[in-house]
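Asks: how would this look folded up:
(one chain, ligands or ions: 1)
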Amino acid sequence: MKQHVVVAECRDGKLRRVSLEAIAAARQCMAAGDKLAVLLLAGGATDAAEATRLACRGPDEVIVIDHPILSRYTPETYAAALVAGAAALNQPPDAWWLGHTAIGRDLAPRLAARLEAGQISDAISAAAGQGGSVRFTRALHAGKALEQRALLPGAPWIVTVRPNNFPPAPEMGALTPAAPIRSAAFTPPQTRIVVRDVVRRVSAAVDLTEARVIVAGGRGVRSAEGFAPLAALASLLGGAVGASRGACDAGYCDYALQIGQTGKTVTPDLYIACGISGAVQHLAGMSRSRVIVAINKDPDAPIFGVADYGIVGDLFEVVPAIIGELGNNNA
Ligand SMILES: Cc1cc2nc3c(=O)[nH]c(=O)nc-3n(C[C@H](O)[C@H](O)[C@H](O)COP(=O)(O)OP(=O)(O)OC[C@H]3O[C@@H](n4cnc5c(N)ncnc54)[C@H](O)[C@@H]3O)c2cc1C
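Replies: Presented below is the predicted three-dimensional model:
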């Protein structure tokens, strides 16, 4: 019987969707009799309240570690909090599941070193294998190749799952009681890192990685001001603005908006690419979007190869026309 642990992350007092996706990934790899606990690291009452959303998604228990020091991420305190949470379980964890977020990427190797555990990063699929092993798929070379790895039973392991690649664990029906929620004691360690302040360079109304609609701009947008119609369209659709690295490198927008191999991975319901050529490194971050619309002056742009709908035209004419059309329909 294995003990699985999902590490749940909050941002701005709200549970991140990838935590629900990690629960789904863990559940699909569990064998009969395995147990699933969720560890929620909370930096205050608002974070801690998210435990109720976790409890009805199928874990056996939710353990909350609530301490003001956890309101800001530092690897030392978070790793110590996870170890404290694990100590509150009936048996030591065999498998840890984290989101492949900025925090997960930083925390997983530290935890792996501390627990002498094996680690797999950025899994895009997971399935139970033979003899208690678990098989993971990872994308390599900007998604041009896929690699399969298996983790064997007998030693603890840690995996980070790529956001937007597993369906979020659904709420269990009313007939299934919610899992018990309990608190674990945590005394913060002496740390060498003190975070005094967090300054956000971009404050988007909608988190790019969780947005259901993204309007992304590339070098074809030509300037920071050129992003204004894209932002207007995104706002009209309740979505977020993204960008290619070309646009970021040109200084038109912040790197926080970059989508692709070295940026964020997104899978919105609707991705509108404006003035983006469709380099393979960009496609690596968005080609799994449900519906892709490409607007480009060049009919041979590679982005049309992955687009469901293509509009050959000047984005500065097409985007305002779409906004006008949506405005008319909303009127
Ligand atoms: C190791 C590595 C990692 C990388 N990681 C990333 C990554 O994470 N994300 C990423 O995006 N890139 C990444 N890149 C860069 C990538 O190779 C491309 O250079 C980049 O994606 C190009 O950005 P772009 O499509 O905006 O610009 P361009 O390739 O210059 O394309 C601009 C497009 O705009 C069109 N256009 C111009 N004006 C208009 C107009 N008025 N209306 C409509 N269309 C117009 C043009 O026809 C053209 O197709 C990476 C590269 C490397 C080597």
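
Asks: Report all helices and strands that the longest strand anywhere in the chain contacts.
Replies: Using DSSP state E, we find that the single longest strand of the chain is strand 118-128. Applying 3 or more C-beta pairs under 8 Å, 6 or more residues apart in numbering; DSSP states H and E, we find strand 118-128 packed against helix 17-29, helix 102-115, strand 134-140, strand 145-151, strand 157-161. (Glycine included, C-beta is placed from N, CA and C.)

Asks: measure stretch 280-292 end to end?
Replies: Length of stretch 280-292, first residue to last, C-alpha to C-alpha, to the nearest Å: 15 Å.

Asks: try stretch 97-108
Replies: For stretch 97-108, the first-to-last residue distance is 9 Å (C-alpha to C-alpha).

Asks: Pull the distance from that stretch to the chain's centre.
Replies: On the basis of C-alpha atoms, centre = their mean, to the nearest Å, stretch 97-108 sits 9 Å off its chain's mean C-alpha point.

Asks: which of the residues in that stretch are buried?
Replies: Trp97, Leu98, Gly99, His100, Thr101, Ile103, Gly104, Leu107, Ala108 (16 or more other C-beta atoms under 10 Å).

Asks: Widest-spaced pair of those residues?
Replies: Using C-beta to C-beta, the pair of those lying farthest apart is Trp97 and Ile103, separated by 13.5 Å.

Asks: From Asp207, how far off is the spatially most central residue of the chain?
Replies: Nearest to the mean C-alpha position of the chain, by C-alpha atoms, centre = their mean, lies Pro163 at 3.1 Å. From Pro163 across to Asp207, the span is 10 Å (C-beta to C-beta, to the nearest Å).

Asks: same deal with Cys29?
Replies: Plainly put, Cys29 is 27 Å away from Asp207 if you go by C-beta to C-beta.

Asks: same deal with Ser121?
Replies: Look at Ser121 and Asp207: by C-beta to C-beta, they are 21 Å apart.

Asks: With Cys274 instead?
Replies: Note on Cys274: its distance to Asp207, by C-beta to C-beta, is 20 Å.

Asks: which regions of the stretch 51-200 of the chain lie under the pLDDT threshold?
Replies: In the predicted model of the stretch 51-200 of the chain, no residue satisfies pLDDT under 70.

Asks: again, 80 this time
Replies: 141-144, 174-175, 200 (pLDDT under 80).

Asks: Output the residue of the stretch 1-150 of the chain whose distance to the ligand is smallest.
Replies: Evaluated by C-beta to the nearest ligand atom, the stretch 1-150 of the chain has Ala142 as its residue closest to the ligand, separated by 7.2 Å.

Asks: which residues touch the nearest residue in space to that residue that is not next to it in sequence?
Replies: Nearest non-adjacent residue to Ala142, counting by C-beta to C-beta, 6 or more residues apart in numbering: Ala284, 3.9 Å away. Shown in contact with Ala284 (C-beta atoms under 8 Å, 6 or more residues apart in numbering): Ala139, Ala142, Gly143, Gly260, Gln261, Thr265.

Asks: Looking at the closest residue to the third one other than its chain neighbours now. What's its pLDDT?
Replies: When the adjacent residues along the chain are set aside, Gly143 lies closest to Ala284, with 4.3 Å between them (C-beta to C-beta, 6+ apart). Among the per-residue scores, Ala284 holds a pLDDT of 91.

Asks: List of residues touching stretch 322-331?
Replies: Residues outside stretch 322-331 that contact it (C-beta under 8 Å, 6+ apart): Pro229, Ala232, Leu233, Leu236, Leu237.

Asks: Kindly recompute the last result at 7 Å.
Replies: Pro229, Ala232, Leu233, Leu236 (C-beta atoms under 7 Å, 6 or more residues apart in numbering).

Asks: next one: that stretch to chain centre, how far?
Replies: 32 Å.

Asks: Is it correct that the residue nearest to Ala142 falls within a helix?
Replies: Yes. Ala284: assigned to a helix according to DSSP: H, G, I helix; E, B strand; the rest coil.
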